[in-house]
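Undergrad: Dropping the sequence and predicted coords here.
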Amino acid sequence: MKALLLLLWSLSAAAAPVRELTMNTFQVHVRPQLVGIQQDIQQIFLTMPGYPVEVFQALSLVDQLLAQSRAAKNVCPGQMQSACVPQLQASLNILRDLERLWLAQEGRATTATDASITVIAGRKRWLQMMEVARTLQAQLEAEALAIQAGRTGGRMNQWQWRKGVDEVEDYLDMVVVEFVPAKLQTDFRSAWMNFFRPVYKHCVLANNSRFLSRNLDSLNFYWNLLNLKLTKRLKKTPEGMLGPLNAIQNRWNQVMRVQYGS
């Protein structure tokens, strides 16, 4: 009955107009709920056997990498110049931290004697991500030397920099889901790519309240798909997930109420 009432409320809300929020309303009443949702979904992932906590540390580093590439584009939008060296050096430090994090995870993983196929697949995907990250690191290191030497020919541009960062992010999004048990991977992949990741990336990191209001119906749909699967369609909600799922539902309901002014 509770699930039915929530569904009816969601449908009635979806029929109402979505209001544009002031930045103050968004910051005070919505953004804290979205931060909490990100923490809750991380808790859910970490209930899964063999799921490495380093995945979300890596995600934080890649978010910093994205921020540095955006900042560099504002400073030197075309070919890279000495003005964006601070962002370039910061990106190199982040990439080195990412390498150290992967090595720490690998060192811990190789001592496990009961690694599942899922964990092995996750480690393989992580290695693929690191190969892309190392390529980007080599390019940025070469660019730093080129700027220092005053070389003008054959230089890296901002589009290539951002493209490399986007590829690292794409692989990490796959890593996040790869450690999920096979029977739940499709559901978590859909929710991660269409709800959790865009909400955090656009609304929390970029403070973009318009993204939320303009995509609210779609976001609500993908969250409800996962929630219904885990709480209603499975014979039993996987251990450790029910509490965080309820927390996400409560937080998201609060966001919906603010958005619809109810």
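TA: Received it, and whenever you're ready, just let me know what you need.
Undergrad: drop to CA atoms for contacts and neighbour counts, all remaining ones
TA: OK.
Undergrad: Just the pLDDT for L6.
TA: Looking at L6, its pLDDT reads 49.
Undergrad: same question, A104
TA: A104 is given a pLDDT of 89.
Undergrad: Mind telling me what element it is part of?
TA: Element membership for A104 (DSSP states H and E) is helix 85-109.
Undergrad: Tell me how far the helix or strand just after that helix lies from the chain's centre.
TA: As assigned by DSSP H and E, the chain's next helix or strand after helix 85-109 is helix 117-149. Centre-to-centre, helix 117-149 and its host chain are 18 Å apart (Cα atoms, centre = their mean, to the nearest Å).
Undergrad: cool, stretch 242-253 as well?
TA: For stretch 242-253, the distance to the chain centre is 19 Å (Cα atoms, centre = their mean).
Undergrad: roughly how far apart are the closest residue to H202 other than its chain neighbours and P238?
TA: Sequence neighbours aside, N208 is the residue nearest to H202 in space, at 5.6 Å (criterion: Cα to Cα, 6 or more residues apart in numbering). According to Cα to Cα, to the nearest Å, N208 and P238 sit 33 Å apart.
Undergrad: Mind listing residues that contact stretch 106-126?
TA: Stretch 106-126 is contacted by residues 50-51, 102, 171-172, 174-175, 178-182 when judged by Cα atoms under 8 Å, 6 or more residues apart in numbering.
Undergrad: Would you map the helices across the protein?
TA: Secondary structure of the chain (DSSP state H): helices at 2-15, 23-25, 31-45, 54-75, 85-109, 117-149, 158-178, 182-191, 197-198, 209-214, 216-228, 242-260.
Undergrad: Take the ones you listed and lay them out in TSV including distance to L234 and mean neighbour count.
TA: Listed next are the helices of the chain as TSV, based on distance: least, Cα to Cα, whole Å; neighbours: other Cα atoms under 10 Å:
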stretch	distance to L234	mean neighbour count
helix 2-15	14	12
helix 23-25	37	13
helix 31-45	16	18
helix 54-75	26	18
helix 85-109	30	17
helix 117-149	20	17
helix 158-178	19	19
helix 182-191	10	16
helix 197-198	24	16
helix 209-214	29	18
helix 216-228	9	17
helix 242-260	12	18
